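[1] Give me a model of this one.
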Amino acid sequence: MMEWRRKYVIKSYVRSAVWLAPLLAYATSFVLIRLLTWLDDRLGWDWSWTIEIGVAQSMLQVFVAAMLSFIVFTSSSMLVAIQIASAQLTPRIIATALLRDNTIRSVIALFVLTFTFNLGVLARTQSDLPYLIFTVALMLTIVSVAAFLYLIDYSARLLRPVTIVWLLGERGLGVMDEIYPAKVRDNRTMVAPPALDGPTVEVRHRRTSAIVLAVDLETMKREAAHTGGVIELAIRVGDFVATGEVLYRLHGKAMQANETLLRQAIAMGRERTIEQDPTFAFRIIVDIALKALSKAINDPTTAVLAIDQLHRLLRIIGRRHLHEDFIAIDGGGWIVLKTPDWSDFVELSCREIRFYGAENFQVARRLRAMLENLIEVLPGHRAPLLRRELDLLDQAIDRAHALADDRALSRVPDLQGLGSTARAAASSRVGYEPSGKASS
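    Sure, this is the predicted structure:
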């Protein structure tokens, strides 16, 4: 059987490979034209309309030329648009959002299918006209023209920053539902973790240095249950692992575990993927915000859009039960699995944006609105870290603005960044006066 890590890498590649769908459409066109030709001969339909072979050949030549133009234009323009969008936002959106878009792949596959089908019909239209496949070729061409017009509108909407950050937010929510399905419960019973003492065996990475893409938790659970020992995963999804570094530490009876199976339970590659990496969606959205806040681009509104999605993700993850490092296995055995905790998510979402954006009114106000809202709606044990970020934001505002009015304006929480109608009500809590004087 194929190794789990190899299957995972192949599956991840298939999700982001643009060429596979057109290749499948190319092969489908041959099957379709043979099937329709056989069906036309078998049924022997008497068509009520007729057309000269020369006219049909001219039409098919136009269809073939149009489809070839669609393929070339769509491919070249999409490559240029993707490169421009990645330069303005972040290169990581190419693999995580754009190349995985099924609409783009489906439309390109339709163009390839229509092009190959029309070419096959043209080759068969010599002495007589096969009306069934000619009709299908005509319909496919009409649908392709409509799809081309739709793709122009769809691509223009897809490459906007608001659409990209929304898609990343959706992907992040999907990962959270899979990695952290359980919600916070105050009455959870804590199980005492085992002592990590006694003899230990280290399982080291033997292959080329790479990034951890995903882990097969089920394989580790089976090995832990089989041995009754403690299997500690020394690395975390998203980490870069060099050749010779420790992958596992096997404690106690777990030293009898199958090291080959454990190595196969870790998938590695060149670039982080979003499937099992709950912080990667945060990382990409933060990168978009930082690029927008750079002096070369200076687009704080895009940074505010990114904070909107970070706010959305933090509200969800703050209500989920985040894994403890120790996971008890039914039937005996333990797994030590390092996963991001609440501080990882909060600091990743706030620190860099605050560092580069505190001097901007929009960013400072939107960041404050996010933190105050999270303190209000999330469980109480999530609040201390959020209050710490608020204190750091206040300190950054004091350093960034010399004028008291600017400092007061920056301390007004605003879900729109600058211009929300909630400003007047919120300003009373920070002492902002419409006259321009600050009372605090």
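[2] Could you say which helix or strand holds residue 10?
    Here residue 10, judged by DSSP states H and E, is contained in helix 4-16.
[3] now that helix: mean pLDDT?
    Regarding helix 4-16, the rounded mean pLDDT is 87.
[4] Export that helix to CSV, keeping only CA atoms.
    Provided in CSV are the C-alpha atoms of helix 4-16 (Å, rounded to 0.1, in the frame of the first residue of the first chain):
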residue,chain,number,x,y,z
TRP,A,4,0.3,7.9,4.0
ARG,A,5,2.8,10.8,3.6
ARG,A,6,3.0,10.1,-0.1
LYS,A,7,-0.7,9.9,-0.5
TYR,A,8,-1.1,13.2,1.4
VAL,A,9,1.5,15.0,-0.8
ILE,A,10,-0.2,13.7,-4.0
LYS,A,11,-3.6,14.7,-2.8
SER,A,12,-2.3,18.2,-1.9
TYR,A,13,-0.7,18.6,-5.3
VAL,A,14,-3.8,17.5,-7.1
ARG,A,15,-5.8,20.2,-5.2
SER,A,16,-3.6,23.0,-6.5
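[5] list the helices and strands the next helix-or-strand element following that helix packs on?
    Later in the chain than helix 4-16, the nearest helix or strand by DSSP H and E is helix 20-43. When contacts are defined as 3 or more CB pairs under 8 Å, 6 or more residues apart in numbering; DSSP states H and E, helix 20-43 packs onto helix 102-124, helix 131-158. Yep, even glycine has a C-beta here, placed from its N, CA and C like the rest.
[6] List the neighbours of the helix holding residue 10 that are in contact with it.
    Taking contacts as CB atoms under 8 Å, 6 or more residues apart in numbering, the residues outside helix 4-16 that touch it are 20, 95, 99-100, 213-214, 216, 219, 264-269, 273, 275.
[7] Likewise for stretch 384-393?
    342-343, 346-347, 350-351, 354, 358, 364, 367-368, 371-372, 374-375, 378.
[8] picking up where we left off before, out of the contacts of helix 4-16, what pair is the most spread apart?
    99 and 219 (28.8 Å; CB to CB).
[9] Which residue of those two possesses the greater neighbour count?
    Neighbours were counted for residue 99 and for residue 219 using other CB atoms under 10 Å; residue 219 has more, 18 against 15.
[10] quick one: average pLDDT of the helix or strand that contains the more buried one?
    Counting by DSSP H and E, the element that carries residue 219 is helix 217-227. What helix 217-227 shows for mean pLDDT is 90.
[11] How about stretch 147-166?
    For stretch 147-166, the mean confidence score works out to 90.
[12] now what about that stretch, what contacts it?
    Residues from elsewhere that reach stretch 147-166, judged by CB under 8 Å, 6+ apart: 70, 74, 77-78, 81-82, 84-85, 88-89, 93, 97-98, 101, 103-104, 107, 110-111, 285, 288, 292, 302, 305-306, 308-309.
[13] Give me the subset of those residues lying in helices.
    Using DSSP state H, the members of those that fall in helices are 70, 74, 77-78, 81-82, 84-85, 88, 93, 103-104, 107, 110-111, 285, 288, 292, 302, 305-306, 308-309.
[14] count of neighbours near residue 271?
    15.
[15] Could you measure from it over to residue 167?
    From residue 271 across to residue 167, the span is 18 Å (CB to CB, to the nearest Å).
[16] before we move on, the earlier item: please list only the buried members of the contacts of stretch 384-393.
    By neighbour count, with 16 or more other CB atoms under 10 Å, those hold 342, 346, 350, 354, 358, 364, 367-368, 371-372, 374-375, 378 as buried.
[17] I'd like to know which of these are part of strands.
    Among the buried ones among the contacts of stretch 384-393, no residue falls in strands (DSSP state E).
[18] Contacts for stretch 100-118, please.
    Outside stretch 100-118, the residues touching it (CB under 8 Å, 6+ apart) are 15-16, 18, 20-22, 24-26, 28-30, 32-33, 60, 63-64, 67-68, 70-71, 74-75, 78, 98, 133, 136-137, 140-141, 143-144, 147-148, 150-151, 154-155, 158.
[19] Give me the buried entries from those residues.
    Using 16+ other CB under 10 Å, the buried ones in the contacts of stretch 100-118 are 16, 18, 21-22, 25, 29, 32-33, 60, 63-64, 67, 70-71, 74, 78, 98, 133, 136-137, 140-141, 144, 147-148, 151, 154-155, 158.
[20] quick one: low-confidence parts of the stretch 51-200 of the chain?
    Counting by pLDDT under 70, the stretch 51-200 of the chain shows low-confidence ranges at 185-193, 197-198.
[21] out of the buried ones among the contacts of stretch 384-393, who's nearest residue 227?
    Closest to residue 227, out of all of the buried ones among the contacts of stretch 384-393 and judged by CB to CB, is residue 342, at 32.0 Å.
[22] My guess is that closest one contacts residue 382. True?
    Yes. With contact defined as CB atoms under 8 Å, residue 342 reaches residue 382; the gap is 6.1 Å.
[23] overlap in contacts of the two?
    With CB under 8 Å, 6+ apart as the test, residue 342 and residue 382 both reach residue 318.
[24] just checking, residue 395 is part of a strand?
    No. Residue 395 is assigned helix when assessed by DSSP: H, G, I helix; E, B strand; the rest coil, not a strand.
[25] Tell me how many other residues crowd it.
    The local packing of residue 395 (other CB under 10 Å) involves 12 other residues.
[26] cool, and residue 335?
    20.
[27] list the contacts for the residue nearest to residue 415 when sequence neighbours are not counted?
    Leaving aside its sequence neighbours, residue 415 sits nearest to residue 369 (CB to CB, 6 or more residues apart in numbering; 4.9 Å). If a contact means CB under 8 Å, 6+ apart, then residue 369 has 413, 414, 415 as its contacts.
[28] Nearest to residue 319 among those residues?
    Of the contacts of residue 369, the one sitting nearest to residue 319 (CB to CB) turns out to be residue 415, at 19.6 Å.
[29] which SS class is that closest one?
    When classified by three-state DSSP, residue 415 comes out as coil.
[30] just the one 4 residues further on next, same as before
    Taken by three-state DSSP, the conformation at residue 419 corresponds to coil.
[31] Could you shift the numbering so residue one becomes 50, and keep it that way?
    Okay, residue one is now 50; in that scheme the one you just asked about reads as residue 468.
[32] for it, what are its contacts?
    Counting by CB under 8 Å, 6+ apart, residue 468 touches no other residue.
[33] And it, how far from residue 116?
    48 Å.
[34] next one: residue 354
    Computed as CB to CB, the residue 354 to residue 116 distance reads 37 Å.
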